[in-house]
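> Starting from these lines, generate the structure:
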Amino acid sequence: MGTLSKPQVNNSIVSNKANPSNQHKNSSTKGRGNSITELSFLPCSQINLHHSESPTAQFYYNIDLNDDLPYITFVQEPYCVKGIPKHVPGNGVTFYHHSQDQANPRATLTISKNIADQFFFQKQLSNRDIMATCSVELPKRKLYISSIYMDYTQDI
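Have a look, this model is predicted:
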């Protein structure tokens, strides 16, 4: 069984680190349209990683192999150190609520770099315990997307 290289560790609140290994892929997105309004569909994925480092690293590693197609991932309970999600992919921007006490966020949104600049983090609609929310302006309306963690021990 082969070994996987460890994905990059990112230490920013909104991660947007360039990944040199993906720079050759930028030409493959030309002609596809980098505007969210030009997309006929948008691949999305959702996963609860239960604060586990190996599944978090593997999930984000697979996203990093995405070939720069637009995507959105809704992640609950990612592996974090001192309130910062680790192993985030180099081809995306990760949004989450950062708390002053360095508590780990329970929900994050990772959006591919080729469309992330069209999304705006909605801090007033986000918090560490429940959700991360972003919005994007579409031709006739604003779309809000949220990654939501729902604690089974609490009433809705």
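> show me the contacts for the residue nearest the centre of the chain.
With distances taken as Cα atoms, centre = their mean, Thr110 lies nearest the centre of the chain, 1.0 Å away. Neighbouring residues of Thr110 by Cβ atoms under 8 Å, 6 or more residues apart in numbering: Tyr60, Ile63, Ile72, Thr73, Val75, Val88, Pro89, Gly92, Val93, Thr94, Phe95. Any C-beta I mention is one placed from the backbone N, CA and C, and that applies to glycine too.
> swap the cut-off to 7 Å and go again
Going by Cβ atoms under 7 Å, 6 or more residues apart in numbering, Thr110 touches Ile63, Thr73, Val75, Val88, Pro89, Gly92, Val93, Thr94.
> where does the chain have low pLDDT?
Applying pLDDT under 70 to the chain flags the ranges 1-33, 156.
> After the biggest helix by length in it, which helix or strand is next? Please name it.
Determined from DSSP state H, the single longest helix within the chain is helix 53-64. Note on helix 53-64: by DSSP states H and E, the next helix or strand toward the C-terminus is strand 72-76.
> quick check: angle from that following strand to helix 53-64?
Counting by axes from the mean of the first three to the mean of the last three Cα atoms, to 10 degrees, strand 72-76 lies at 170 degrees to helix 53-64.
> which one among the contacts of Thr110 gets closest to Ile36?
Closest approach to Ile36 among the contacts of Thr110 (Cβ to Cβ): Val93, at 13.6 Å.
> these two touch, right, that closest one and Lys113?
Yes. Between Val93 and Lys113 there is a contact under Cβ atoms under 7 Å: 6.0 Å.
> where along this structure do the helices fall?
For the chain, the helices defined by DSSP H occupy 53-64, 113-116.
> closest to Gln46 out of those?
Smallest distance to Gln46 across the helices of the chain (Cβ to Cβ): 10.8 Å, for helix 53-64.
> just checking, which of the helices of the chain sits deepest inside the structure?
Comparing the helices of the chain on average neighbours per residue, with mean count of other Cβ atoms under 10 Å, the densest one is helix 113-116 at a mean of 21.
> Kindly format the C-alpha coordinates of that one as CSV.
The C-alpha trace of helix 113-116 is given here as CSV (Å, rounded to 0.1, in the frame of the first residue of the first chain):
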residue,chain,number,x,y,z
LYS,A,113,-10.4,29.4,-5.1
ASN,A,114,-11.7,30.0,-8.6
ILE,A,115,-15.1,31.0,-7.2
ALA,A,116,-14.3,31.9,-3.6
